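# Model the structure of this input:
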Amino acid sequence: MENKKSPQIDAVIAWVDGSDPSLIKRQQKYLKFEPDKNLAGAQKTRFNSLNEIKYCLISILKFAPYLRKIFIVTDQQDPNIYPLVQKYFPKRISDIHIVDHLEIFQGFESFLPTFNSICISNMLWKIKGLSDQFIYFNDDVFIVRPTKPSTFFKNSRPVLRGKWRLPPYERILWDKSKYFFEKLFMGVEKEKTPSFQINQWNAAKLLGFNFRFLMSGHIPLALNKKKLEEFFTDNPEILKQNIVYRFRSYNQFNTVSLANHIEYNKGNLNVVTSNGLYLKPYKRNDDYILKKFLNYEKNKEILFLCIQSLDLTSKSIQHLVQKKMNEILEVNLQIL
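Predicted coordinates:
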């Protein structure tokens, strides 16, 4: 039960069903205007869903029961999660809310439709009724052990999960060299492949970090709505420049990284390790999966799990992951 003395904290999950014919039709319309027809930001795996959101949602309700509301942000889609909540957490049905892009892009409708998670995350502060303190999830990120409000917020400030890194000069040099080589010798101008690392570095640079940046991982991320609202309200052109890309771009800055560096600049020193475990099972075998889950079992510090691009793996790997997740969450979900 929610402790009335605890601060109000909500969860936000970004979700998309890439197999939706209407979504694909909208994507194709805008891909026609892209000079690079194999745009990295439009790869199908970025949008494909194996119903991982069901695990994400159940993991929140089970291991973070103190969270007040859960907002699922979609693009004219229905994740069909209410029967699941009714089965396992019937008392929480009224706490689950579906939010359409039209709501969070109110006043910025010209930037819709968007197929870009960075743009969507830039606008989360506009969710109606969202608490000042909230936790941002992608649908392939799960909580896998009990947490407390202080796991995410201390002294009313977000806990910043990540590691300080030197600027990614090697990656930048490689990307520039590859771009100029392809332009000079192949006569093509391909957009640089979007990078989780580069997008975070872009945010740090924007806020005056020249010699290091706080690199976060694929985990649930604590954010302060007011800080994002203040920054984007004070810098509307920066916001517009970042959400203009229909598909993820190398040139964008990452929302969470922006928020983390704003926090640090304002004296928030709640910097801790990620407590996360990352799996990318594509082109891997059962041993890889079993070793990762064994690592989870042995290391009690692991609170979060990300399983990326599960759609690209074999059926046997998918079923093994499903079995392991069912064990952790003590449910019997068939997501495949």
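# pLDDT below threshold where in the stretch 1-150 of the chain?
By pLDDT under 70, the low-scoring segments of the stretch 1-150 of the chain are 1-6, 33-48.
# The same query, at a cut-off of 50, please.
The stretch 1-150 of the chain contains residues with pLDDT under 50 at 1-4.
# in it, which spans are helices?
For the stretch 1-150 of the chain, the helices defined by DSSP state H, counting those that start in this stretch cover 21-31, 52-63, 82-88, 101-104, 117-122, 149-152.
# out of the ones you listed, nearest to H319?
Among those, helix 52-63 comes nearest to H319, with 13.9 Å by C-beta to C-beta. C-beta: built from backbone N, CA, C; applies to glycine.
# Could you list every helix and strand that the closest one packs against?
strand 9-14, strand 70-74, helix 82-88, strand 141-143, helix 315-329 (3 or more C-beta pairs under 8 Å, 6 or more residues apart in numbering; DSSP states H and E).
# what about 10 Å?
In terms of contacts (3 or more C-beta pairs under 10 Å, 6 or more residues apart in numbering; DSSP states H and E), helix 52-63 is packed against strand 9-14, strand 70-74, helix 82-88, strand 96-100, strand 133-138, strand 141-143, strand 304-307, helix 315-329.
# Turn the ones you listed into a markdown table, columns for distance to V244.
Formatted as a markdown table, the helices and strands packed on helix 52-63 follow (distance: least, C-beta to C-beta, whole Å):
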| stretch | distance to V244 |
| --- | --- |
| strand 9-14 | 19 |
| strand 70-74 | 19 |
| helix 82-88 | 35 |
| strand 96-100 | 20 |
| strand 133-138 | 22 |
| strand 141-143 | 27 |
| strand 304-307 | 28 |
| helix 315-329 | 36 |
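# Out of the ones you listed, which one sits most buried?
Highest mean neighbour count of those: strand 141-143, a mean of 26 (counted as mean count of other C-beta atoms under 10 Å).
# Neighbouring strands - and their directions - for that strand?
Applying DSSP bridges, strand 141-143 is found paired with strand 304-307 (antiparallel).
# if we can go back for a sec, identify whichever of the helices of the stretch 1-150 of the chain lies nearest to Q318.
Of all those, helix 52-63 sits nearest to Q318, with 10.4 Å by C-beta to C-beta.
# before we move on, back to that, closest to P236 out of the helices of the stretch 1-150 of the chain?
Of all the helices of the stretch 1-150 of the chain, helix 117-122 comes closest under C-beta to C-beta, at 11.7 Å.
# and the closest residue in space to S49 that isn't next to it in sequence, how many residues sit next to it?
In this structure, S49 finds its nearest non-sequential neighbour in D17, 4.9 Å apart by C-beta to C-beta, 6 or more residues apart in numbering. If you count neighbours by other C-beta atoms under 10 Å, D17 ends up with 19.
# okay, which residue is most central for this protein?
N138 (3.5 Å; C-alpha atoms, centre = their mean).
# Quick one: residues contacting that residue.
Going by C-beta atoms under 10 Å, 6 or more residues apart in numbering, N138 touches 13-15, 52-53, 56, 117, 121, 218-221, 306, 308.
# would TSV of the residues you listed with distance to K91 be doable?
Shown next, in TSV, are the contacts of N138 (distance: C-beta to C-beta, whole Å):
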residue	distance to K91
I13	19
A14	25
W15	23
E52	24
I53	20
C56	19
S117	31
S121	29
H218	30
I219	27
P220	22
L221	27
C306	28
Q308	32
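# Looking at these, which is nearest Y264?
Of all those, L221 has the smallest distance to Y264: 14.2 Å, by C-beta to C-beta.
# I figured N199 hits C119, correct?
No. Counting by C-beta atoms under 10 Å, N199 stays clear of C119, with 11.7 Å between them.
# and those two? which has more neighbours close in?
Using other C-beta under 10 Å, the more surrounded residue of N199 and C119 is C119, with 26 against 22.
# ok, now which ones touch the more buried one?
C119 sits next to 101, 104-105, 108, 111-112, 239, 242-249, 252, 255 when contact means C-beta under 10 Å, 6+ apart.
# Return the members of those residues classed as buried.
101, 104-105, 108, 111-112, 239, 242-243, 245-249, 252, 255 (16 or more other C-beta atoms under 10 Å).
# Show me which of the residues you listed is closest to K128.
Checking these against K128 with C-beta to C-beta, the nearest one is I104 at 8.9 Å.
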